[in-house]
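Colleague: Have a look at this prediction, sequence included:
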Number of protein chains: 2
Amino acid sequence: MSALAERLIAALGPEAVHTDPEDLAVYSFDAYSEDRLPSAAVVPKDVREVTQVVRIAAECGEPIVARGSGTGLCGGAVPTQGGIVVSFARLNKILEIDTRNRRAKVQPGLINLDLSRATARDGLFYAPDPSSQKVSSLGGNIATNAGGPHCLSYGTTTNHVIGLEFVDHRGEVVTVHQDDPGYDLGSVLVGSEGTLGIVTSIDVRLMRLPEAVRVYVATFGDVESASEAVSQIIGAGIVPIALEIMDKVITGAVEAAFKAGYPEDAGAVLLIEIAGLADDMDASEAAIAKIARAGGALSWRTARSQAERDLLWAARKGAAGAIGRLAPNYYIQDCVVPRTKLPMVMHRVDEIARDHRLTVGNVFHAGDGNLHPLLLFDRSIPRDIQAVIDAGSQILETCIDYGGTISGEHGIGYEKRESMALLFSADDLATMGRVRDVLDPARLFNPDKIFPSSAMCNEVRATN
Amino acid sequence: MSALAERLIAALGPEAVHTDPEDLAVYSFDAYSEDRLPSAAVVPKDVREVTQVVRIAAECGEPIVARGSGTGLCGGAVPTQGGIVVSFARLNKILEIDTRNRRAKVQPGLINLDLSRATARDGLFYAPDPSSQKVSSLGGNIATNAGGPHCLSYGTTTNHVIGLEFVDHRGEVVTVHQDDPGYDLGSVLVGSEGTLGIVTSIDVRLMRLPEAVRVYVATFGDVESASEAVSQIIGAGIVPIALEIMDKVITGAVEAAFKAGYPEDAGAVLLIEIAGLADDMDASEAAIAKIARAGGALSWRTARSQAERDLLWAARKGAAGAIGRLAPNYYIQDCVVPRTKLPMVMHRVDEIARDHRLTVGNVFHAGDGNLHPLLLFDRSIPRDIQAVIDAGSQILETCIDYGGTISGEHGIGYEKRESMALLFSADDLATMGRVRDVLDPARLFNPDKIFPSSAMCNEVRATN
C-alpha cells in the first residue's frame, strides 16, 4: 500500500478510502474520459475529514479533484494528473431550512432536486434546475455555476448562493457570505470548477412556489422563427419562467422515449412556462399567444393538468438521454449569444452541420440565448470524429463572433480549456491565474481545468 | 509646477487638471474628512485619458483615488495619502440603451436617477435606488455595492451589473462580463471601493416598470413591533418591493422638512410599497394589511395618487438631510442583521443610545435587516464625540453578535476599516489582500480603504 493510501486510511478509516483500480475506475470520468485513474478516492463524512485530506494531499504533493455526481460534460471532474478524488457521497445532507428567512444550509453532495422536494411542504423551492437535477449535486452545480430552463426568470446558481464554507489549500475552513463587506470571494468560487478550494457547506436562497403555473407548447416552421418569437416575447416585456426550443430531430427522439405529446412534424417546438398569481395567468397567456401567432406559430396547446405539465418537462429534461436512440454517440455544445442574435446563429449552426455532413439536433434555453446543438456521430468512424471536432469549434467561434461566449452552464473543464484563448487575452488569463495562485498557490485543486495549457505556462513564467 | 502636474497637463490638457489648493479642497472629502489634499485632481473625458492618468500615477508612485459624486459616508473617496483624484464628472454619458435585451451601457459618472429617467419612456428602469440617487453616480454605487429601499425585492447593485470595463494598474483596459466563463472578477470589483481598478464603462440590467404600484403608511407603537410586522409579512411569502421603517425622531424631522403626511405621534412608521400587475394589488394589499393589524398597527393609510406616493418617497429618501434640523451633527451607522433578529437588535440600539445619553433616530431598510441608526450630537462637545464613537462601536458589535455584518450599503471606506477585524480573521484579511495584490500590486488604487491598517502590515510581511 502506498504511503498516501496509508495516511488517508489512518485519517478517514479504511471504508472511506478506495485504492483498488476497479474501485477507482468509477472516479475517473464524467461524460468526458481521459483514461487516467486517481491514486485514491476518498468519501469523507464531515468537514474535518476534508481538511485532513487536503493537508495530506498538500504534504504529499498530490492533486485533489472534488467530485459531485459526475454528470459533467466537459471533464471537470476527471483526475487528469491522478491524485485524490474527493467524493461528496456522504456529505449530502440538508443541514437547516430557515423558512422565515427563506434560506437553507446544505452539504455539497445533496442532489439538486432533493432540496426542492424537502422545502415544497413549506411552499418553497430552490430555483436553479439543470436538466440533470435529479442526479446532479449542488456542489457540482456551484462548480459550473449551473443554469437550467427556469434560470431565464430566476437567474443561475450564482444568484442563489448567499454563502459558502470551503476548505482552502492549507486545509483551513473558510466561510464567506455575500452580505459581508470586503471582496466578494464567494462569487469567485461559484463557477471556479473546483480550482480554488473544496466547498463543504452552502447557504442558498429559497424561493416561494408560485400560486399558479401554466405550460404551453407552440410549434413553428423552423428554429429561426421560434427564436424570433422568443425575442419578441421578451422584448414585449413578458418574462415567462421558461422558454425552451427543441427542433424536429430532438422532438422525434423525445417523443420516441417519453410520448409526451410534442408534435413531431413541426420544424421547431417552443415550450413556454409562465407562473405567478392565478389572476394574472389569462392576461399573460393571451399576450404570449398573440405574439406567437404573429410570429408564425403553426399550433398552440395548453397543458391541462399537473401530470401533463410534468410529462412535458420530464421529456424536455430527458432530451439528452433520448438522443441515444438516434446515433451511437453525440456531442453537446454549450454556448451563449445575445437573445436577439439567436435566429442568425441558429441558421449558421445549421449551415455548419451541413458543411460537415453531420446531423444536428437543437434543444436549448432560448430565453437565455443558451444554445445546445447536439452533433450526432459514430465514434467508430474517424471522419465523424474529426467532423464533430471541427463543427464544434466553428459553432463556438460563431457564438464569439456574435458577441457570445463559449459556455452557458456546463463549464469549461478539461475539454474546452484551449478555447478560453478565443475569448480572453493572455493578460486576462494570467490575471485569473494569479487569482488562483492566491487561493491555491500549489495548484493542487483540480489542475488542467478551465485555463489553456499555454496560459498556465505563461503564468508560471510570469510569477517566477 | 510639479513634474506630476506637468505630465498630467501634457496628457489631458490644462482645463482637465487641477492643482491649486482651493480647487483641490473640493476633492478632499466626502461625508468623512481627513484634511489631506490630493496633489492633483483630474477630470478625464474618455477611457484613453484614464489609462494615461493611471500610467503617469504608476510611474510617479502616486496613489489614485476615483471619485464619483462624493456622497459617500465612510471616507471611501478621501485621498488619505494625497496623490491623484480622478473625477468622473465628464464621463457621465449613457452610451447605449438596448431595449429588447433590457440592458444599458453607461459611464461611471452618470447620476443613478438619470438612467431610470432616460429609460422610463421605454417602460424600463434601473432598480438599485440609494436614497442619494438624485446625486450619487453609478461608479460610486458600484464601489460600495449600493442598495436602496427597493433592493428588498430587486437586489443590490451587484445583481444588476452584468459587465464592466476598467483600467487596471498597468493602465490597460480590461473588460469582464458575467456570462464569461473563468473566474467572475467583475463581482469582485463590485463593492471593492476603488481598490482594484478604475471602472470606465458599466453594462447594467434594466427592469420593466411595474404595471401598478401602491404605497401604504402603517403606524406602530414602537420600532420593535413594526420590525416584527416586517418579519411576519416576509415570512408569509409576500415580498413588497420596499419595507421601510422610521421612528418618531426621524418622522418628526422629516415632517418638518417635507410635510408628507407621516403621522408624527406614532412610535414607528412603516412605509410599504407593492408593485406588479393591477389585478393583483387588492389581494396583496389585503394580505399585508391583515398582518399589520394582527401585529398591532395603529393606523393604515393608502397613498391615493402618484403625487402622494412621490412625496412620501421624497420625504423618506430625504430623511438624512432633514435630520440636520435636530442637532448640529449626526452620525449614521450602517449595519445588517438577519431580518428576524430586528426586534431584539432595535431594542438593544435603544438601550445603547440611552446608556450614552444620546438621542438616536432610526430610519432603515427593515425588509433587508439593514439598520441605519442616526446618533445626534454636537461636534463642539467632546463628551458627545466620544459617546457617539463608543455607541457606534457597540451597535456594530451588537449586529455582529446577532449574526449580522458591519455595512449594508455604505461601504467600509476609511472610517470602518479597523472594524473589519471584528468580522474577519487575520487570515481572511490576508487572503483578500493577496487578491488585491493580483489586481493592484503596487497598491496605488485607493490606499488605506476597507482593510485594517494592521492587516495590511501583516499582509506586506506575508508577501515579502
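Modeller: Thanks, I have the structure now. None of these values were measured; they are calculated from a predicted model.
Colleague: close enough to count as contact, A:N446 and A:I198?
Modeller: No. The criterion here is Cβ atoms under 8 Å, and A:N446 misses it with A:I198 at 9.5 Å. No exception for glycine: its C-beta is placed from N, CA and C like everyone else's.
Colleague: Which helix or strand contains A:V65?
Modeller: Assessed by DSSP states H and E, A:V65 sits inside strand A:64-67.
Colleague: packing partners for that strand?
Modeller: Counting contacts by 3 or more Cβ pairs under 8 Å, 6 or more residues apart in numbering or on different chains; DSSP states H and E, strand A:64-67 is packed against helix A:47-60, strand A:84-87, helix A:138-144, strand A:198-205.
Colleague: Report the rounded mean pLDDT for the last one.
Modeller: Think strand A:198-205. Confidence for strand A:198-205, expressed as mean pLDDT, is 97.
Colleague: Give me the angle between it and helix A:47-60.
Modeller: 140 degrees (axes from the mean of the first three to the mean of the last three Cα atoms, to 10 degrees).
Colleague: Not counting its own residues, what contacts the helix or strand that strand A:198-205 is followed by?
Modeller: Sequence-wise, the next helix or strand downstream of strand A:198-205 (DSSP H and E) is strand A:207-208. Residues from elsewhere that reach strand A:207-208 (Cβ atoms under 8 Å, 6 or more residues apart in numbering or on different chains): A:R102, A:G123, A:L124, A:F125, A:Y126, A:A127, A:Y154, B:G237, B:V239.
Colleague: A:A286: how many residues sit nearby?
Modeller: Neighbour count for A:A286, taken as other Cβ atoms under 10 Å in any protein chain shown: 10.
Colleague: measure it to chain B for me?
Modeller: In this view, A:A286 and chain B are 13 Å apart by Cβ to the nearest Cβ, to the nearest Å.
Colleague: Check A:D114 too.
Modeller: 22 Å.
Colleague: right, and the helix or strand after the one helix or strand that residue maps to?
Modeller: Applying DSSP H and E as the criterion places A:D114 in helix A:112-119. Under the assignment DSSP H and E, the closest C-terminal helix or strand after helix A:112-119 is strand A:124-125.
Colleague: tell me the mean pLDDT for that following strand?
Modeller: Averaged across strand A:124-125, pLDDT comes to 95.
Colleague: The residue in the stretch 51-200 of chain A that chain B sits nearest to: neighbouring residues, count only.
Modeller: Nearest residue of the stretch 51-200 of chain A to chain B (Cβ to the nearest Cβ) works out as A:S187 at 3.6 Å. When neighbours are defined as other Cβ under 10 Å, A:S187 has 25 of them.
Colleague: what's the closest non-adjacent residue to it?
Modeller: Nearest non-adjacent residue to A:S187, counting by Cβ to Cβ, 6 or more residues apart in numbering or on different chains: B:S187, 3.6 Å away.
Colleague: And that neighbour, its phi and psi?
Modeller: phi -60, psi -30 (degrees, to the nearest 10).
Colleague: so it sits right up against A:D184, yeah?
Modeller: Yes. Using Cβ under 8 Å, B:S187 is in contact with A:D184, at 5.0 Å.
Colleague: Touching both of the two, which residues are there?
Modeller: B:T158.
Colleague: got the contact list for the residue in the stretch 201-350 of chain A that chain B sits nearest to?
Modeller: Proximity of the stretch 201-350 of chain A to chain B (Cβ to the nearest Cβ) peaks at A:G235, 4.1 Å away. The contact partners of A:G235, by Cβ under 8 Å, 6+ apart, come to A:T340, B:T99, B:R100.
Colleague: What parts of the stretch 351-464 of chain A come near chain B?
Modeller: A:404-408, A:411-412, A:416, A:420, A:423-424, A:427-429, A:431-432, A:434-439, A:450-451 (Cβ under 8 Å from any Cβ of the partner chain).
Colleague: Go through those residues and flag which are in helices.
Modeller: Using DSSP state H, A:420, A:423, A:427-429, A:431-432, A:434-439 are the members of those that sit in helices.
Colleague: Got a quick ChimeraX command for the buried subset of the residues you listed?
Modeller: Here is the ChimeraX command that picks out the buried ones among these, judged by 16 or more other Cβ atoms under 10 Å in any protein chain shown:
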select /A:420,423,428,429,431,432,434,435,436,437,438,439
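Colleague: Reformat the ones in helices among the residues of the stretch 351-464 of chain A next to chain B as a markdown table; add distance to A:I272 and pLDDT.
Modeller: Putting those into a markdown table (distance: Cβ to Cβ, whole Å; pLDDT from 0 to 100) gives the following:
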| residue | distance to A:I272 | pLDDT |
| --- | --- | --- |
| A:M420 | 34 | 93 |
| A:L423 | 31 | 89 |
| A:D427 | 43 | 88 |
| A:D428 | 38 | 89 |
| A:L429 | 39 | 93 |
| A:T431 | 41 | 90 |
| A:M432 | 38 | 93 |
| A:R434 | 44 | 93 |
| A:V435 | 40 | 93 |
| A:R436 | 41 | 95 |
| A:D437 | 46 | 94 |
| A:V438 | 44 | 93 |
| A:L439 | 42 | 94 |
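Colleague: Among the ones in helices among the residues of the stretch 351-464 of chain A next to chain B, which one lies nearest to A:V47?
Modeller: A:L439 (17.4 Å; Cβ to Cβ).
Colleague: if we can go back for a sec, overlap in contacts of A:N446 and A:I198?
Modeller: A:I64, A:A66.
Colleague: how about the nearest residue to A:D203, chain neighbours excluded?
Modeller: A:G163 is the one closest to A:D203 (Cβ to Cβ, 6+ apart), at 3.5 Å.
Colleague: Now do the contacts for A:M1.
Modeller: A:I9, A:T19.
Colleague: what residues does the stretch 151-300 of chain A put near chain B?
Modeller: Checking the stretch 151-300 of chain A against chain B by Cβ under 8 Å from any Cβ, the hits are A:158-159, A:168, A:172, A:174, A:177-185, A:187-188, A:190-192, A:208, A:231, A:234-235, A:237, A:239, A:276-277, A:279-280, A:283.
Colleague: Would you mind listing which of those are buried?
Modeller: Of those, these count as buried by 16+ other Cβ under 10 Å: A:158-159, A:168, A:172, A:174, A:178-185, A:187-188, A:190-192, A:231, A:234, A:237, A:239, A:276, A:280.
Colleague: Mind checking which of those residues land in helices?
Modeller: A:L185, A:S187, A:V188, A:S231, A:I234.
Colleague: Flag the least confident of the residues you listed.
Modeller: Among these, A:I234 carries the weakest pLDDT, at 87.
Colleague: A:R357 is in contact with A:D390, correct?
Modeller: No. Look at A:D390 against A:R357 with Cβ under 8 Å: they stay out of range, at 11.2 Å.
Colleague: Just list whatever residues bridge to A:G361.
Modeller: Beta-bridge pairing for A:G361 (DSSP bridges): A:L374.
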